[in-house]
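>>> One predicted model, sequence on top.
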2 protein chains.
Amino acid sequence: MGRATKSYPVVRIKGGNRSGEKDAVVNEGQLTILLNGHKVVTLACTPREEKYLALGFLFSEGIIKGREELRRVSSYPEREEVRVFTKREVRLSSDFLRTAVLTSGCGKGKSFKSLEKMNPLEDILLNFEFSLTPSEILSLMREFDGKSTLFKRTAGVHGAALADRERILLFAEDIGRHNAVDKVLGKALMKRIILKDKLILSSGRISSDLLVKVWRAGVSLVCSRSAPTGKALDLAKNLGVTVVGFARGSRMNVYTYPVRIATPD
Amino acid sequence: MGRATKSYPVVRIKGGNRSGEKDAVVNEGQLTILLNGHKVVTLACTPREEKYLALGFLFSEGIIKGREELRRVSSYPEREEVRVFTKREVRLSSDFLRTAVLTSGCGKGKSFKSLEKMNPLEDILLNFEFSLTPSEILSLMREFDGKSTLFKRTAGVHGAALADRERILLFAEDIGRHNAVDKVLGKALMKRIILKDKLILSSGRISSDLLVKVWRAGVSLVCSRSAPTGKALDLAKNLGVTVVGFARGSRMNVYTYPVRIATPD
């Protein structure tokens, strides 16, 4: 697997039991694609087969038409770059970047370098008095699943919710998991809901950009029925956010700050 | 549900049976967010609660800090725009767009207006001689599931494959479903594999940008274990691509060009 996964400590909760274990989490890297020396795009991706990703992207976006156009392709994993050179000049439409649409499943990511360098003990501003029990979380997740009417009709959307310890306060669905979270946060803003003693539930993966959205809003706990990425966990550790993954049925994995998950009654 | 879903005809195949039915498919819209008259971003999204999406985006990206900064928020659904005005000027970091990273689950989308206007009967260039049976598809999907080693370890990635009627030829996994497809297409390009008699398998949703990637590569059939969006189906119809969704166990839904799915032997 190499650079594609990383091992993280996790507190596994199943029924009334807790155990400290290790979990393989998928890595989230970046790749900048340069064409004849000019930057085309930076993608968040799994750091593996970068050359193929670069060529496939240029091909499937209609920038190169075939292999015969290629002169040289070089991968620089340590710089997170692939440099593609073609035999003839390729005209990149000047509005290639300007007309970009952030597509479904997509937030407006940044590299978060400054956030990654924060000292976890010095800079954490989030609320550490907020906590809830595993059974409260699992009961919220059941309520969450029941609310997904658009998902039930189409199986094509993600859901997000804002909840307190007892119930779901706001809920939204969207083809993009970041959009669903943004809709919930926008609604909370309009309704002047205090966020620091609330949690966010999501049906989708917890990636670095989603984690940062939650943290910027001042929410200290995010819970998903699916997996987190390694980069999201690194950031969560530095930013003081509790990440709970795979919360389904009677179990969940607590990846960061299990202090907010109270011992079952 | 209003504008969030749309009804599409579908050929449902289960075991040896085929039936023509209607299926609710999630709509894929766009939203452009303008802040004090300046464009901030265009998102692909579910057309619903656009105001909340705009406010949540500006909030979770750190562009506005709270409700008290807002002067007016107006939604123009027919123009796919939300206009947000603040009491004081908000400085948008000049590199807000320039430093954008396309995040996981994210291709470089465009609006595809010209593709949407194509006449399906005049402009289709894809191969109509390629076809395969439902049992061939389901057997490929089983092989596909068996190959997802990174998914099995982390549950945090999407898979994509290139296959002929008999077996999977190329396979890739990535945190982004578009990246997984691009990796497979890049590999096919390097290995000089002819694409017009192949199909693409994906673990993720078939959205418009993914559909266009497949079509640009000259592949005429895309098959997923999850759902398509309405916009992807509109494009597939115009571009001549067969879309198969929910291909699991003994069943699948054929949304467009069922002519490529041969009657079971």
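Thanks, I have the structure now.
>>> For the rest of this, base every contact and every neighbour count on C-alpha atoms.
Noted.
>>> Quick check: phi and psi on the most centrally placed residue in chain A?
Centroid-nearest residue in chain A, with Cα atoms, centre = their mean: A:S207, separated by 1.4 Å. Note on A:S207: its backbone torsions stand at phi -100, psi 170 [degrees, to the nearest 10].
>>> now swap in A:K237 and tell me
phi -60, psi -40.
>>> For the stretch 151-265 of chain A, just list every one of the strands.
A:158-163, A:168-174, A:199-202, A:221-224, A:242-248, A:251-254 (DSSP state E, counting those that start in this stretch).
>>> got a list of contacts for the first one?
To tie it back to what came earlier, the one meant is strand A:158-163. Applying Cα atoms under 8 Å, 6 or more residues apart in numbering or on different chains, the contact partners of strand A:158-163 are A:140, A:144, A:148, A:151, A:168-177, A:180-181, A:184-185, A:198-204.
>>> Show me how to select, in ChimeraX, the buried members of those residues.
Selection of buried members from the contacts of strand A:158-163 for ChimeraX, criterion 16 or more other Cα atoms under 10 Å in any protein chain shown:
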select /A:140,144,148,151,168,170,171,172,173,174,175,176,177,180,181,184,185,198,199,200,201,202,203,204
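>>> How many residues are close by the residue in the stretch 1-150 of chain A that chain B sits nearest to?
Distance from chain B to each residue of the stretch 1-150 of chain A (Cα to the nearest Cα) is smallest for A:G56, at 3.6 Å. Using other Cα atoms under 10 Å in any protein chain shown, A:G56 has 28 neighbouring residues.
>>> three-state assignment of it?
Using DSSP: H, G, I helix; E, B strand; the rest coil, the structure places A:G56 in helix.
>>> I'd guessed the residue nearest to the centre of chain A sits against A:D234; true?
No. With contact defined as Cα atoms under 8 Å, A:S207 does not reach A:D234; the gap is 10.6 Å.
>>> burial count for A:A227?
Applying other Cα under 10 Å, we find 24 residues neighbouring A:A227.
>>> how close does the residue nearest to the centre of chain A get to A:V157?
A:S207 is 17 Å from A:V157, where distance means Cα to Cα, to the nearest Å.
>>> Dump the strands of the stretch 151-265 of chain A into TSV; add mean pLDDT and distance to A:S60 as well.
As requested, the strands of the stretch 151-265 of chain A are exported to TSV (pLDDT from 0 to 100; distance: least, Cα to Cα, whole Å):
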stretch	mean pLDDT	distance to A:S60
strand A:158-163	94	26
strand A:168-174	94	25
strand A:199-202	96	30
strand A:221-224	96	32
strand A:242-248	94	33
strand A:251-254	93	37
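>>> Make JSON lines from the ones you listed and add distance to A:T86 to it.
JSON lines is the format used below for the strands of the stretch 151-265 of chain A (distance: least, Cα to Cα, whole Å):
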{"stretch": "strand A:158-163", "distance to A:T86": "40"}
{"stretch": "strand A:168-174", "distance to A:T86": "39"}
{"stretch": "strand A:199-202", "distance to A:T86": "43"}
{"stretch": "strand A:221-224", "distance to A:T86": "43"}
{"stretch": "strand A:242-248", "distance to A:T86": "44"}
{"stretch": "strand A:251-254", "distance to A:T86": "47"}
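>>> Can you tell me which of those is nearest to B:S224?
Among the strands of the stretch 151-265 of chain A, strand A:158-163 comes nearest to B:S224, with 16.9 Å by Cα to Cα.
>>> Give the partner strands of the closest one in its sheet and their orientations.
Sheet partners assigned to strand A:158-163 using DSSP bridges are listed as strand A:168-174 (antiparallel), strand A:199-202 (antiparallel).
>>> what's the closest of those to A:P9?
Using Cα to Cα, the strands paired with strand A:158-163 put strand A:199-202 closest to A:P9, at 21.7 Å.
>>> can you list contacts of the closest one?
A:141, A:144, A:158-164, A:177, A:181, A:214, A:219-225.
>>> Now do it: distance to the chain's middle.
Relative to its chain's centre, strand A:199-202 lies at 13 Å (Cα atoms, centre = their mean, to the nearest Å).
>>> can you check stretch A:9-28 too?
The mean C-alpha position of stretch A:9-28 is separated from the chain mean by 18 Å, Cα atoms, centre = their mean.
>>> cool, stretch A:257-265 as well?
The chain centroid and the centroid of stretch A:257-265 are separated by 23 Å under Cα atoms, centre = their mean.
>>> Buried residues, it. List them.
So, applying 16+ other Cα under 10 Å, buried residues of stretch A:257-265: A:257-258, A:260-261.
>>> any chance of these in TSV, plus distance to chain B?
Converted to TSV, those look like this (distance: Cα to the nearest Cα, whole Å):
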residue	distance to chain B
A:Y257	20
A:P258	20
A:R260	22
A:I261	23
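>>> rewinding a little: the residue of the stretch 1-150 of chain A closest to chain B and B:A172: what is the separation?
Separation of A:G56 from B:A172 (Cα to Cα): 12 Å.
>>> Look up the residues that both of these two are in contact with.
Contacts common to A:G56 and B:A172, judged by Cα under 8 Å, 6+ apart, are B:181, B:183-184.
>>> Among these, which ones lie close to chain A?
B:181, B:183-184 (Cα under 8 Å from any Cα of the partner chain).
>>> Show me those residues that map onto helices.
B:181, B:183-184 (DSSP state H).
>>> pLDDT added to those, as CSV?
Formatted as CSV, those follow (pLDDT from 0 to 100):
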residue, pLDDT
B:V181, 93
B:K183, 92
B:V184, 93
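>>> and which of those is nearest to A:A4?
Using Cα to Cα, B:K183 is the member of those that sits closest to A:A4, with 14.3 Å.
>>> The closest one contacts A:L58, doesn't it?
No. B:K183 lies out of contact with A:L58 (Cα under 8 Å); the separation is 10.7 Å.
>>> For burial, what's the neighbour tally of A:G37?
By other Cα under 10 Å, neighbour count at A:G37 equals 10.
>>> So what pairs up with the closest residue to it other than its chain neighbours in the strands?
Among residues not flanking A:G37 along the chain, A:R83 sits closest, at 7.1 Å (Cα to Cα, 6 or more residues apart in numbering or on different chains). A:R83 has these beta-bridge partners by DSSP bridges: A:L34, A:S74.
>>> just A:A161 next, same as before
Under the criterion used (DSSP bridges), A:A161 bridges to A:F171, A:L201.
>>> Look at it and say how many residues are nearby.
Look at A:A161: counted by other Cα under 10 Å, it has 26 neighbours.
>>> And A:G146, by the same measure?
10.
>>> A:E21 now?
Residues within reach of A:E21, counting by other Cα under 10 Å, total 12.
>>> now A:N127
Neighbours of A:N127 (other Cα under 10 Å): 18.
>>> three-state assignment of it?
coil.
>>> A:L185 and A:A217 touch, don't they?
Yes. A:L185 is within contact range of A:A217, at 7.4 Å (criterion: Cα under 8 Å).
>>> overlap in contacts of the two?
B:59-60.
>>> ok, and the closest non-adjacent residue to the residue of the stretch 151-265 of chain A found nearest chain B?
When scored by Cα to the nearest Cα, the stretch 151-265 of chain A has A:G186 as its residue closest to chain B, at 3.6 Å. Spatially, and ignoring its direct neighbours in sequence, A:G186 is nearest to B:G56 (3.6 Å; Cα to Cα, 6+ apart).
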